[in-house]
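Visitor: With the sequence up front, the predicted model follows.
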Amino acid sequence: MNHAETPTPIPARAAIPGHYEDLRGKLALITGGSRGLGAATALALARQGVRLALVGRDEAALAASLAAVRACGIEAIAQRADCSRPEELQRLREVVEARLGVPDFLLPFAGGGSGRPMPAEAITADDWRSSVEHNLHASFFTLQAFLPGMLARGSGNLLTMASAGARVAAGAPAAYGAAKAGVIMLTRHLAQELGPRGLRVNCLSPSAVLTERTRATLTPERRAGMLAGFPLGRLGEPEDVAAAALFLLSDASAWISGVVLDVAGGRVMV
């Protein structure tokens, strides 16, 4: 292709194709399940017959997400919790295990927004702590809270959430990128440690995805300017990330652990 040509965009995903029968009847816990990538992944799992425990902080958004997954005919509950607080996660674990059992799938997707890039000297102590607490700490504390039951059973699948900001040093504040890079290394450590004990651990790393938040904040001009950085010619949809999650949670990826899957339209090639 001539470099002056505009790439032909790959069409946006209208629906998630395929059916993963092995997922039916399993239980997934998703933090950050009230909106965005967590809500989209929850709905994709519900359509595969997966039972769900949704976790979030916005009660109204959590209720809407719960109604959407229950409309698929599956058993589901929703609980409010701040995943950066270990004591709230311990209470959450007690509720979930009492009502639904030990999760088969654990998806700690809760995290703080990236915001705009800024010089390192402009990042305040509160900004730094907030990024680490709501991304790295929240992921670790969630995994730590639910691991005992999964290890006692000897099986399970953990799926963490990173970001292109952890893979490419551009487009996100340093604090956010560092926190998400920590999630990636945490994933690799756990994959090595937990594999012999029957658990798989993988990580999703999305680039620019058109969630409710990004649709509201991206101007048409900025959105158009971003497209040149994506070889597939479009920004992501939440369903793109959800489809990748289904694959990594299913038996179709049974011999995959410790990987970071860049759902990035070709922008990140590591």
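Guide: Sure, I can see it.
Visitor: could you give me the average pLDDT of stretch 186-198?
Guide: Averaging pLDDT along stretch 186-198 yields 98.
Visitor: shaky segments in the stretch 101-250 of the chain?
Guide: The stretch 101-250 of the chain contains residues with pLDDT under 70 at 113-115.
Visitor: run the last query once more with 90
Guide: The stretch 101-250 of the chain contains residues with pLDDT under 90 at 112-119, 169-172, 213-214, 216-218.
Visitor: which residues in the stretch 51-200 of the chain form helices?
Guide: Assigned by DSSP state H, counting those that start in this stretch, the stretch 51-200 of the chain shows helices spanning 59-70, 86-99, 125-131, 138-153, 174-194.
Visitor: May I see those helices organised as TSV, with mean neighbour count and distance to Ala76 added?
Guide: Bear in mind the C-beta positions are built from the backbone N, C-alpha and C, glycine included. As requested, the helices of the stretch 51-200 of the chain are exported to TSV (neighbours: other Cβ atoms under 10 Å; distance: least, Cβ to Cβ, whole Å):
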stretch	mean neighbour count	distance to Ala76
helix 59-70	17	5
helix 86-99	16	10
helix 125-131	15	30
helix 138-153	19	17
helix 174-194	20	26
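Visitor: Quick one: the ones you listed as TSV, columns for distance to Ala28 too.
Guide: TSV is the format used below for those (distance: least, Cβ to Cβ, whole Å):
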stretch	distance to Ala28
helix 59-70	10
helix 86-99	11
helix 125-131	26
helix 138-153	11
helix 174-194	17
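Visitor: Which of those helices sits closest to Ala243?
Guide: Proximity to Ala243 (Cβ to Cβ) singles out helix 59-70 among those, at 16.7 Å.
Visitor: ok, Val96 to Ala67 distance?
Guide: Val96 is 19 Å from Ala67, where distance means Cβ to Cβ, to the nearest Å.
Visitor: Could you point out the longest strand of the protein?
Guide: Longest strand of the chain, by residue count under DSSP state E: strand 199-206.
Visitor: Can you name every helix or strand that that one contacts?
Guide: Counting contacts by 3 or more Cβ pairs under 8 Å, 6 or more residues apart in numbering; DSSP states H and E, strand 199-206 is packed against strand 156-161, helix 174-194, helix 238-249, strand 260-263.
Visitor: Redo the ones you listed as CSV? Include distance to Arg213.
Guide: Formatted as CSV, the helices and strands packed on strand 199-206 follow (distance: least, Cβ to Cβ, whole Å):
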stretch, distance to Arg213
strand 156-161, 15
helix 174-194, 14
helix 238-249, 11
strand 260-263, 17
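Visitor: For Met269, find the nearest of those.
Guide: Per Cβ to Cβ, nearest to Met269 of these: strand 260-263, 7.5 Å.
Visitor: Pairing partners for that closest one, with directions?
Guide: strand 199-206 (parallel) (DSSP bridges).
Visitor: packing partners for the helix or strand just after the partner strand?
Guide: Next along the chain after strand 199-206, taking DSSP states H and E as the criterion, comes helix 212-217. If you count contacts as 3+ Cβ pairs under 8 Å, 6+ apart, helix 212-217 packs onto no helix or strand.
Visitor: Name the residues that touch the following helix or strand past helix 212-217?
Guide: Later in the chain than helix 212-217, the nearest helix or strand by DSSP H and E is helix 220-226. For helix 220-226, the surrounding residues in contact (Cβ atoms under 8 Å, 6 or more residues apart in numbering) are Ala208, Leu218, Leu235.
Visitor: Most neighbours of all the residues you listed, which one?
Guide: Within the contacts of helix 220-226, most neighbours by other Cβ atoms under 10 Å means Leu235, with 22 neighbours.
Visitor: any idea how far that residue lies from Arg35?
Guide: Leu235 is 18 Å from Arg35, by Cβ to Cβ.
Visitor: just Arg116 next, same as before
Guide: Counting by Cβ to Cβ, the gap from Arg116 to Arg35 is 21 Å.
Visitor: So for these two, which sits in the more crowded spot?
Guide: A direct count of neighbours by other Cβ under 10 Å for Arg116 and Arg35 places Arg35 higher, at 18 against 8.
Visitor: who's in contact with the more buried one?
Guide: Per Cβ under 8 Å, 6+ apart, neighbours of Arg35: Gly56, Asp58, Ala61, Ser65, Thr211, Glu212, Arg213.
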